[in-house]
Structures are given as structure tokens and as C-alpha cells.
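Engineer: With the sequence up front, the predicted model follows.
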Amino acid sequence: MLTEVLTFAEERGPLEGVLTVPEGTVELLVVFVPGSGPVSRDGIVAEHRIPGIKSPFESWAALLAREGYASFRYDKRAAAYRDCYLRGDLVCRGLADEYGDDLADAVHMLQTVGRPPRAPVVLLGHSLGGVAALAHAVSNPIVSGVACIAAPMENLPQMLSRQLREKLAPDQALSLVSVMQAALAGKETGPILGLPAAYWRDYSQNSLERLIALYRFDRPLLLVQGANDRLVPVSQFLELGRHLRNMSHVTMDVVPDADHFLMTSPPGDGGTHGRYNLTTVLRWLRTVAGAAGQNPGGKV
């Protein structure tokens, strides 16, 4: 297994990512799309990194490499230029700002640098990154399939409003939710959690269920969630499954004893890395790779 740091998105300010390449033939190139917030190439924000312990995305990349899949994991702009956002020099106004433009540049770069040798591209989005991955794939026929891990079924403002009610005192939650509802109604409000009203309005139009239904995405689509996910309710995942059960290109699975990152065993005190159950993901990738091999150069 080899790793290499690559740079892309030079025009808007360069971003870096890590390309992990297995030994031997590369069957697929999997681009990781990270979750919400200032998330680094590790799949988490920098302050959550545990020294000496592999991060979630680093662990995922190693698991995929053992199966013959290359992967690329990159720093979100919100992480690489975090200070600029905090100062107000940069403002995020929605899905394209947070994800779309940089993801498009990453995929284009990987298709042109020749490292690894050209292989079918699959997007693997985690949490909100699953919504972003599907939104990008809808308009990019190069993408052979999308895997969404722990992607929210509700849109981002709905998810935030639910979480606020669960975590804050009733009066605090009511105040913030009221401001959110005003922003979604088109009223100009101040920033909500540091982000402008336009950001929340844009994300109110982008949920996983709406994207699937609206754009008739017909390439292989995997939806996976951990049974112990505390951020995305399993009940919502199962309800979406009932709506999608007649779509043959959609695969859904709940992983027992797994959390938001499909981790089934946390890092130990002795420096052992966490354990992740990617069995469903790897099985699905084998199916996508097989279909791509039967249809070289074309959409799966």
C-alpha cells in the first residue's frame, strides 16, 4: 500500500488530500466525501484526532486498499481555511460552497494525474457528505456509484432543529429553532451557528430522499447506517427504506453494534486502533467493480 499527498482546487485556494493505492491492480478509485463542519482528511475535525491512533478515514482507506481499491481523502475547505471563515473573510452559502466545487475539482484532478491508473470512480460520502456525494453524482456521469454512510434522511435544518431540542434547555432550543424557521421562510436573520440564513435555506432543499426522488439517480447506490448511530435515527433510515424498496439499484443495510462511523470497537488504552465494520461497503464495492469490468469505459 502506497500513499501520496496531492493538491487540487488551485484557483480557489489549494486543498490537499491523501491518495492511498493498493499493490497490484486498482479495481476502483473511491473518493471519500467528509461530513459537516471543518472536517479534515481524517474524517473528523482536527481537535478530535487521538495521537497515535488511526483516524476513521485512515482506517477505512487501509481496509479498502486490502481489497484492491484506491482511495482519496481530502481536507474540506472549512478545515483548511478555518481561520478565514472565523474572521468572515470566507462565507459558506450552501452545498456548492461547502462541497460541490471542491469535490468536482478533486474528481477531475484524479482523472487527469494518472495516479492511480484510471479506474471507475465511486463516491463514498459520510454523514452530510453522503448528501453532497449524491448531489454531485447526479450531474457527473463519470461516477459509477455512490455509497452513503450514516447520511441524514432529513434535511440539515430539520436535523439541527431536532438535535437542538434534544440537547438544549427548552427555552434555548425554542429561540434557536424560531430563528431557523424565520430564515427558512425567507426572512433575513443574523448568522445561525455562524452560518448565514442563505446556507440553511439552500440545505433545506437538499435531503437524501429528495435527491433520490427528484433526479431519478439510477446508478448503484448504497445506504448504510450503524445500529448505534446517535446522530442519525435508525427509525428514519428504516422509513426511507420502505419508500425505496422497489428500486433495484438501491442497497440498504443497518450494521449491528456500529456507530456513526461504523465503528464497532473503540480504540483501546493500549494504543490499539478502533475496529470498523465495512463488510457491507466492501461487498457492494465488489459488485460495482464487477459491473464496471463488464462495461469498461461506460456508466455502470
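Structural biologist: On my side now, so go ahead.

Engineer: got a pLDDT number for R49?
Structural biologist: On pLDDT, R49 comes in at 88.

Engineer: do the one 10 residues further on as well
Structural biologist: According to the per-residue confidence, S59 scores 96 in pLDDT.

Engineer: hang on, it packs against H273?
Structural biologist: Yes: counting by Cβ atoms under 8 Å, S59 does reach H273; the two are 6.2 Å apart. Placement of C-beta: from N, CA and C, glycine included.

Engineer: between those two, who's got more neighbours?
Structural biologist: A direct count of neighbours by other Cβ atoms under 10 Å for S59 and H273 places S59 higher, at 22 against 18.

Engineer: Look up how far A132 lies from that one.
Structural biologist: 21 Å (Cβ to Cβ, to the nearest Å).

Engineer: Same question for T287.
Structural biologist: 23 Å.

Engineer: any idea which helix or strand comes after the worst-scoring helix or strand of the chain on mean pLDDT?
Structural biologist: Every helix and strand in the chain was compared by mean pLDDT, DSSP states H and E; the lowest is helix 208-215, with a mean of 74. Next helix or strand after helix 208-215 toward the C-terminus (DSSP states H and E): strand 221-226.

Engineer: Would you indicate which residues of the next helix or strand after that following strand are buried?
Structural biologist: Next in sequence after strand 221-226, counting helices and strands by DSSP H and E, comes helix 234-244. Buried residues in helix 234-244, defined by neighbour count with 16 or more other Cβ atoms under 10 Å: 236-237, 240-241, 244.

Engineer: And those residues, which is closest to H126?
Structural biologist: Comparing those against H126 with Cβ to Cβ picks out F237 as the nearest, at 14.6 Å.

Engineer: Who are the contact partners of the closest one?
Structural biologist: Neighbouring residues of F237 by Cβ atoms under 8 Å, 6 or more residues apart in numbering: 153, 223, 225, 252, 254.

Engineer: these two touch, right, A61 and R73?
Structural biologist: Yes: A61 is within contact range of R73, at 6.1 Å (criterion: Cβ under 8 Å).

Engineer: shared neighbours of these two, anything?
Structural biologist: Residues touching both A61 and R73 (Cβ under 8 Å, 6+ apart): 18, 20, 32.

Engineer: Doesn't the first one belong to a strand?
Structural biologist: Yes: using DSSP: H, G, I helix; E, B strand; the rest coil, the assignment for V18 is a strand.
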